[in-house]
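[1] here is my input; please provide its structure:
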Amino acid sequence: MDELASPTHPRMFSLQKIVEISYYNMGRIRLQWSRIWEVIGDHFNKVGCNPNEDVAIFAVDSLRQLSMKFLEKGELANFRFQKDFLRPFEHIMKKNRSPTIRDMVVRCIAQMVNSQAGNIRSGWKNIFSVFHLAASDQDESIVELAFQTTGHISTNVFEKHFPATIDSFQDAVKCLSEFACNASFPDTSMEAIRLIRHCAKYVSDRPQAFKDYTSDDMNVAPEDRVWVRGWFPILFELSCIINRCKLDVRTRGLTVMFEVMKTYGHTFEKHWWQDLFRIVFRIFDNMKLPEQQTEKAEWMTTTCNHALYAISDVFTQYFESLSDVLLDDILAQLYWCVQQDNEQLARSGTNCLENVVILNGEKFTPETWDKTCNCMLDIFKTTIPHALLTWRPAGAEGDPMTPQDISDRQLVCTVGLPVSLVYLLCQIRPYSNITQYHADKITSAHVPSGLNFPEQRLFSALLIKCVVQLELIQTIDNMVFFPATSRKEDVENLAAAQRDALDAADVLVETQDQGMYRYLTSEQLFKLLDCLLESHRFAKAFNANNEQRTTLWKAGFKGKSKPNLLKQETSSLACGLRILFRMYTDDSRQTAWEEVQRRLLNVCSEAVAYFLTLTSESHREAWTNLLLLFLTKVLKISDDRVRISTINNIDRPLIWSVEVERGEVAGEEAQ
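    Coordinates of the predicted model:
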């Protein structure tokens, strides 16, 4: 060290002699040699980090020569001396910031791999550690050479020498993950993810190699070794890529992560799935951290959204294995998503809930149905926008709403929200004309700058809640009766009315038995019905409150007419009526007929009485499909059932509507 200390003319005579001494003493038994290397290896650590590049280059080159000679001897099972011998390369790579030296270290390691791969055993850990350090470098040549060699190991060396490399398999995957997370080289990132996907094939094809592998530091049951040493490192590192990288890379990582699950999940044990989904749900945990709003919104709309659908697909594919262990967690995650201040994520939460139920409902147990219905009930209750009826502008009578009146969640500013979101609340044109209205014409639907920030946040939250209410109503309809069935029925009803066809047999919808209706108990249907009617009554109360609608309109919901919830009012009641009428004509539910009849008469009479009070033409038009549905369903009921209903429940509005439709009341009285 004294010889090397000269800043201008260091002498390397003693360093050369140390190299020669090491070379001539390599034949000693491992116990002696390891004691010698404790001293000499530490010396190489220091010399390799010498500020004089000539000294460091000589040290690294000497290490390379010694290592090549040492690797030629091979290593017996259960020995770990290669790991000690190659550690100076790792130390120099970590401590020496000179690009020249770092490049040289990578080249030395690459040469060892290319010429001595068959003899390397415990040294693989050091090799991957060096490449892991190189992976985060900003020097393109260093990253490129390290990645080429890592790729060669992953594709060729693993294929030929997998049992020898299995101890460092997770180090290899971690190294590839680090390459994927280097934002400076996006092409390398994508290729690294592909190689991780390739590594999954080794785990699938050679599970026995993992079961047979033992080491002092692994106290794991043989049947779980393939998970701990194989699958878990792959899926965990993919999740790290998702949480660390920019959009395009993390999207690819997410895709590959779920591809691995879908392709190889049939080999997973139940308790492995539990560990796996703890990793998966970390994707959503990212959103619970305070971040810049734009970044958080992008994360929710892209990565969270993608993950949500992928989770639903995996859950459906392996439903038998996952229903017992993961249903509660998945329902909780879907519930969390619809609570967020993001339109796309809220929509996706309800859509995924619908997909899970429609695709797996036939296999649900009564307990599973109870949990699912309770989840829907919870979503309904927490997303009814009660503040729409109570909000007052600052300075008006009563106190303005505060963020605490909504929830403790962080909310977004309404300014800049998607036009479609504002449109869903405002429902600017009459319901019957919605399809003809172009949402992009709404240019002034935003909150004026005069509103204070808490009020802006409140309006934003209310808009999201209105979206969720509409989505949930559609979800229940699709779930119970199958998607598009109700829409087809409405078309048939309208067509029958236009051709004046009073025969109930003319209105048929063939696909209704595809829904989940037959798998739900009457109590569960009543629970869903209560949600629908609560949503309907809230929307009706809002639409009837002209003063409050005017206040909101003046506060910023500017359109060609005041905001309303017509679609929520009509679609929730329509779905409720479909459920009740279906139950009322279902012979298998005779035990519930009395309750169904009571509810049906109350709902129908209340609906007809309310419709008769409507004075707005647009509001009455919005009820067109609803009235057609109601009257068509009534006509389908047998005469005997109608007589029994009217005798037991004298209710003039309902009876009149039936008599008018049958032509038994005419003239001015019918009008």
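[2] so who does the closest residue to Thr591 other than its chain neighbours touch?
    Counting by CB to CB, 6 or more residues apart in numbering, Thr591 lies nearest to Ser522, which is 7.5 Å off, once chain neighbours are set aside. Yep, even glycine has a C-beta here, placed from its N, CA and C like the rest. Ser522 sits next to Met583, Arg589, Thr591, Ala592, Glu595, Val596 when contact means CB atoms under 8 Å, 6 or more residues apart in numbering.
[3] from Gln568, how far off is Asn351?
    Remark: distance between Asn351 and Gln568 (CB to CB, to the nearest Å) = 18 Å.
[4] among the two, which residue is more densely surrounded?
    Gln568 (26 against 19; other CB atoms under 10 Å).
[5] just the CA atoms of the helix or strand hosting the more buried one, as PDB, please.
    Using DSSP states H and E, Gln568 sits within helix 566-584. In PDB, the C-alpha atoms belonging to helix 566-584 read as follows (Å, rounded to 0.1, in the frame of the first residue of the first chain):
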ATOM      1  CA  LEU A 566     -83.900  11.800 -14.700                       C
ATOM      2  CA  LYS A 567     -81.900   8.800 -15.900                       C
ATOM      3  CA  GLN A 568     -81.300   7.700 -12.300                       C
ATOM      4  CA  GLU A 569     -85.000   8.200 -11.400                       C
ATOM      5  CA  THR A 570     -86.300   6.200 -14.300                       C
ATOM      6  CA  SER A 571     -83.700   3.400 -14.700                       C
ATOM      7  CA  SER A 572     -83.700   2.500 -11.000                       C
ATOM      8  CA  LEU A 573     -87.400   2.200 -10.900                       C
ATOM      9  CA  ALA A 574     -87.500   0.300 -14.200                       C
ATOM     10  CA  CYS A 575     -85.000  -2.300 -12.900                       C
ATOM     11  CA  GLY A 576     -87.000  -2.600  -9.600                       C
ATOM     12  CA  LEU A 577     -90.200  -3.200 -11.600                       C
ATOM     13  CA  ARG A 578     -88.600  -5.800 -13.700                       C
ATOM     14  CA  ILE A 579     -87.500  -7.700 -10.600                       C
ATOM     15  CA  LEU A 580     -90.900  -7.500  -8.900                       C
ATOM     16  CA  PHE A 581     -92.900  -8.500 -11.900                       C
ATOM     17  CA  ARG A 582     -90.500 -11.400 -12.600                       C
ATOM     18  CA  MET A 583     -90.900 -12.600  -9.100                       C
ATOM     19  CA  TYR A 584     -94.700 -12.100  -9.200                       C
END
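[6] now that helix: average pLDDT?
    Averaged over helix 566-584, pLDDT sits at 95.
[7] which of the residues in stretch 543-552 are buried?
    Of the residues in stretch 543-552, Asn543, Gln548, Arg549, Thr551, Leu552 count as buried by neighbour count, 16 or more other CB atoms under 10 Å.
[8] restrict the helix or strand harbouring the third one to CA atoms and write it as PDB.
    Just to be clear, that refers to Arg549. Secondary-structure element containing Arg549, defined by DSSP H and E: helix 546-555. The C-alpha coordinates for helix 546-555 follow below in PDB (Å, rounded to 0.1, in the frame of the first residue of the first chain):
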ATOM      1  CA  ASN A 546     -86.800  23.100  -8.200                       C
ATOM      2  CA  GLU A 547     -85.300  25.600  -5.900                       C
ATOM      3  CA  GLN A 548     -82.300  23.500  -5.100                       C
ATOM      4  CA  ARG A 549     -81.700  22.600  -8.800                       C
ATOM      5  CA  THR A 550     -81.800  26.300  -9.600                       C
ATOM      6  CA  THR A 551     -79.300  27.000  -6.800                       C
ATOM      7  CA  LEU A 552     -76.900  24.400  -8.200                       C
ATOM      8  CA  TRP A 553     -77.400  25.600 -11.800                       C
ATOM      9  CA  LYS A 554     -76.500  29.200 -10.800                       C
ATOM     10  CA  ALA A 555     -73.500  27.900  -8.800                       C
END
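[9] for the remainder of this discussion, apply numbering that starts at 32.
    Renumbered: residue one is now 32, and that last one reads helix 577-586.
[10] list the helices and strands it packs on?
    Applying 3 or more CB pairs under 8 Å, 6 or more residues apart in numbering; DSSP states H and E, one finds that helix 577-586 makes contact with helix 418-421, helix 553-575.
[11] relative to helix 553-575, how tilted is that helix?
    With axes from the mean of the first three to the mean of the last three CA atoms, to 10 degrees applied, the angle from helix 577-586 to helix 553-575 works out at 70 degrees.
[12] quick one: helix 577-586 to chain centroid distance?
    Relative to the centre of its chain, helix 577-586 is centred 37 Å away, using CA atoms, centre = their mean, to the nearest Å.
[13] tell me how many other residues crowd the spatially closest residue to Thr332 that is not a sequence neighbour.
    The shortest distance from Thr332 to any non-neighbouring residue, by CB to CB, 6+ apart, is to Gln375 (4.6 Å). By other CB under 10 Å, the residues close to Gln375 number 18.
[14] wait, what's in contact with Gln375?
    Gln375 makes contacts with Met331, Thr332, Asn336, as judged by CB under 8 Å, 6+ apart.
[15] which ones among those residues lie within helices?
    Among these, the members falling in helices (DSSP state H) are Asn336.
[16] so Leu660 touches Leu525, yeah?
    No. Between Leu660 and Leu525 there is no contact under CB atoms under 8 Å: 9.8 Å.
[17] tell me how far Ala328 lies from Ile495.
    Taken as CB to CB, the span from Ala328 to Ile495 is 12 Å.
[18] okay, and the common contacts of the two?
    The overlap between the contact sets of Ala328 and Ile495 (CB under 8 Å, 6+ apart) consists of Asn373.
[19] who does the lengthiest helix in the chain touch, helix- and strand-wise?
    In terms of residue count, the longest helix belonging to the chain (DSSP H) is helix 484-512. The contact analysis (3+ CB pairs under 8 Å, 6+ apart) places helix 484-512 against helix 374-391, helix 397-414, helix 418-421, helix 450-457, helix 553-575, helix 597-615.
[20] where's the nearest residue to Leu390 once chain neighbours are set aside, which helix or strand?
    Closest residue to Leu390 apart from its sequence neighbours, by CB to CB, 6+ apart: Thr347 at 4.7 Å. Using DSSP H and E, Thr347 falls within helix 336-348.
[21] buried stuff in the helix or strand that comes right after that helix?
    Downstream of helix 336-348, the next assigned helix or strand under DSSP H and E is helix 350-369. Neighbour counts over helix 350-369 (16+ other CB under 10 Å) mark 350, 352-354, 357-358, 360-362, 364-369 as buried.
[22] and stretch 654-663, by the same measure?
    Buried residues in stretch 654-663, defined by neighbour count with 16+ other CB under 10 Å: Trp654, Thr655, Asn656, Leu657, Leu658, Leu659, Leu660, Phe661, Leu662, Thr663.
[23] quick check, nearest of the residues you listed to Ser185?
    The closest of those to Ser185 turns out to be Asn656 (CB to CB; 59.7 Å).
[24] please tell me how far the closest one sits from Ile158.
    Distance from Asn656 to Ile158, by CB to CB: 69 Å.
[25] over to Glu121?
    As judged by CB to CB, Glu121 and Ile158 stand 9 Å apart.
[26] compare the two and say which is more crowded by neighbours.
    Shown here are Glu121 and Ile158; by other CB under 10 Å, Ile158 has more neighbours (28 against 21).
[27] skipping adjacent residues, who's closest to the more buried one in space?
    Ile140 (5.5 Å).
[28] report the secondary structure element holding that neighbour.
    Here Ile140 is covered by helix 130-147, with elements defined by DSSP H and E.
[29] thanks a lot, catch you later.
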